[in-house]
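Novice: build the 3D model from these lines:
(one chain, ligands or ions: 1)
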Amino acid sequence: MNLPIRQQIEELEDSKIVDVWRRGFGKPGLIMLGVGEGDLATPKFIADAAYKSLLDGETFYTHKRGIPELRQALAAYHKKHWGAEIADERIAVTSAGMNAMIVIMEIAINAGDNMVAVSPVWPNIFATVEIMGGEVRMVALVNEAAHWHLDLDKLFAACDSRTKVIYAASPGNPTGWVMPADQMQAIVEFCRRKNIWFVCDEVYSRLIYDRPVAPSVLQFAKPDDPVIAVNSFSKTWAMTGWRLGWMVMPKALHPVVERLLEFNTSGGQPFLQRAAVAAIEQGEPFVAEQLERFRAGRDLVTQRLGGMKRVKVTQTDAAFYLMFQVDGEPDSHKLAIKLVDEARVGMAPGAAFGTGGEGFLRLCFASSTKRLSEAMDRLEPFLN
Ligand SMILES: Cc1ncc(COP(=O)(O)O)c(C=O)c1O
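Specialist: Below is the predicted model of the structure:
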């Protein structure tokens, strides 16, 4: 019997990252560096705040856009790190970055509309558009002299009258690319002129190695521009499993978002949001410590892979991923499967991230140097 499932949903492809992960699942001793998260558990002071809130009986429905204390903490956070003044009405707490993305596409995309995305990028973002019956147009970053660059003319040329969203993750996953401030400004101005949403995904904005924070679109957008910044507690505070994030939007959008959050999740969990307040207000030492751990991991894998004869490494200035090519291995999926099976190291195939990703593997270095060293020892015979 054919179940009554919408065609757009039937046609969604499985993530090729998950495909490699499944292949490795249960293999004894496998070192999985193919998933986008660190190996540290959430710090205790954050967990304690959730626990206390639960014991205090904060187990009821709450404000759809998040508890006021968390919205205030988030406004102060944007002011402290980017000097951006964000009115309370512009903030909505979401069930992580992913939920924010779905809500945004519910607002922006009719069947037949399109989103122009800077790729390669985390493929779940594409699915949010496809679920709405929209089309994803990718504009690939150019990899030159071991760095990634965006050709803005190409990005703007890909837009037409059905373009409703320009999406870029900066810093990017899988590339670690950081959009320069002048490009951010130019996209804001283009979107203002054309009345297109600019969705700037800033979930890695604190994980940057050559300056204190990555540029934020909120430094350049006026409060009523069609600009949305998506953010998350997942990576910065080691909270991937909590499913907690936020978005900053133009003021006029907040009643719409509030309504959609009601109909998607009926609002988030108050006890998780108490923990998020603790993360923001007391989490800076942890953020700094974690960043140093990631820096050590990055330096180790860059140096070790860089020393392997067939490997061409791309520099990464942010996030916790390293992209590399292997001479004579154009098919990233085939190579990722071979390395899971034979080297017992899991990595994500670049092909999973859309145009511009094929030919690369993505390694997540958010792990101990001991584990990363062991992974490098295992890879060396295959990549030398
Ligand atoms: C670029 C990018 N955006 C958004 C997310 C969503 O993260 P979460 O839903 O855990 O907040 C991820 C997760 O890997 C990501 O890489």
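Novice: would you mind listing what in this structure touches the ligand?
Specialist: 36, 96-98, 122, 169, 173, 201, 203, 232, 234, 240, 245 (Cβ under 6 Å from any ligand atom). All C-beta spots, glycine's among them, are computed from the backbone N, C-alpha and C.
Novice: pLDDT for the residues you listed - can I get that in a markdown table?
Specialist: Formatted as a markdown table, the entries for the residues of the chain next to the ligand read as follows, by pLDDT from 0 to 100:
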| residue | pLDDT |
| --- | --- |
| G36 | 93 |
| A96 | 97 |
| G97 | 98 |
| M98 | 97 |
| W122 | 95 |
| A169 | 98 |
| N173 | 98 |
| D201 | 98 |
| V203 | 98 |
| S232 | 98 |
| S234 | 98 |
| T240 | 97 |
| G245 | 98 |
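Novice: in helices only, show me those.
Specialist: Assignment to helices by DSSP state H places the following of these there: A96, G97, M98.
Novice: residues contacting C364?
Specialist: Contacts of C364 were listed using Cβ atoms under 8 Å, 6 or more residues apart in numbering, and they are L33, G34, V35, G36, E37, F320, Y321, A348.
Novice: what's the burial count for the fourth one?
Specialist: Put plainly, it is G36. Neighbouring residues of G36 were enumerated by other Cβ atoms under 10 Å; the total is 20.
Novice: center of this structure - which residue?
Specialist: Residue closest to the average C-alpha location in the chain (Cα atoms, centre = their mean): V203, at 5.2 Å.
Novice: for that residue, which non-adjacent residue is closest in space?
Specialist: Excluding the flanking residues, the one nearest V203 by Cβ to Cβ, 6 or more residues apart in numbering is S232, at 4.2 Å.
Novice: which residues does that neighbour form a beta bridge with?
Specialist: Beta-bridge pairing of S232, defined through DSSP bridges, involves G245.
Novice: what about it, neighbour count?
Specialist: By the criterion of other Cβ under 10 Å, S232 has 26 neighbours.
Novice: show me the contacts for it.
Specialist: With contacts defined as Cβ under 8 Å, 6+ apart, S232 is in contact with A96, G97, V203, L244, G245, W246.
Novice: swap the cut-off to 6 Å and go again
Specialist: Taking Cβ atoms under 6 Å, 6 or more residues apart in numbering as the definition of contact, the neighbours of S232 are A96, G97, V203, G245.
Novice: what does R304 give?
Specialist: Listed by Cβ under 6 Å, 6+ apart, the contact set of R304 reads M376.
Novice: checking F60 next. Helix, strand or coil?
Specialist: When states are read from DSSP: H, G, I helix; E, B strand; the rest coil, the local structure at F60 comes out as coil.
Novice: V178 and the ligand: what is the separation?
Specialist: Applying Cβ to the nearest ligand atom, to the nearest Å, one obtains 13 Å for the distance of V178 from the ligand.
Novice: surely that residue meets A318?
Specialist: Yes - here V178 reaches A318: they are 5.1 Å apart, a contact under Cβ atoms under 6 Å.
Novice: identify the contacts common to these two.
Specialist: Common contacts of V178 and A318 (Cβ under 6 Å, 6+ apart): P171, A214.
Novice: and the contacts of stretch 252-262?
Specialist: K64, R65, E89, A92, V103, E106.
Novice: try 10 Å
Specialist: For stretch 252-262, the surrounding residues in contact (Cβ atoms under 10 Å, 6 or more residues apart in numbering) are 61, 63-66, 87-95, 99-100, 102-104, 106-107, 197, 223-224, 226, 228, 247, 249, 264, 267-268.
Novice: give me the secondary structure label for the nearest residue to A140 once chain neighbours are set aside.
Specialist: Once its chain neighbours are removed from consideration, A140 has its nearest residue in G356; the separation is 3.0 Å (Cβ to Cβ, 6+ apart). At G356, secondary structure determined by three-state DSSP is coil.
Novice: OK, contacts around G356?
Specialist: With contact taken as Cβ under 10 Å, 6+ apart, G356 is in contact with 118-121, 138-143, 148, 174-175, 323, 350.
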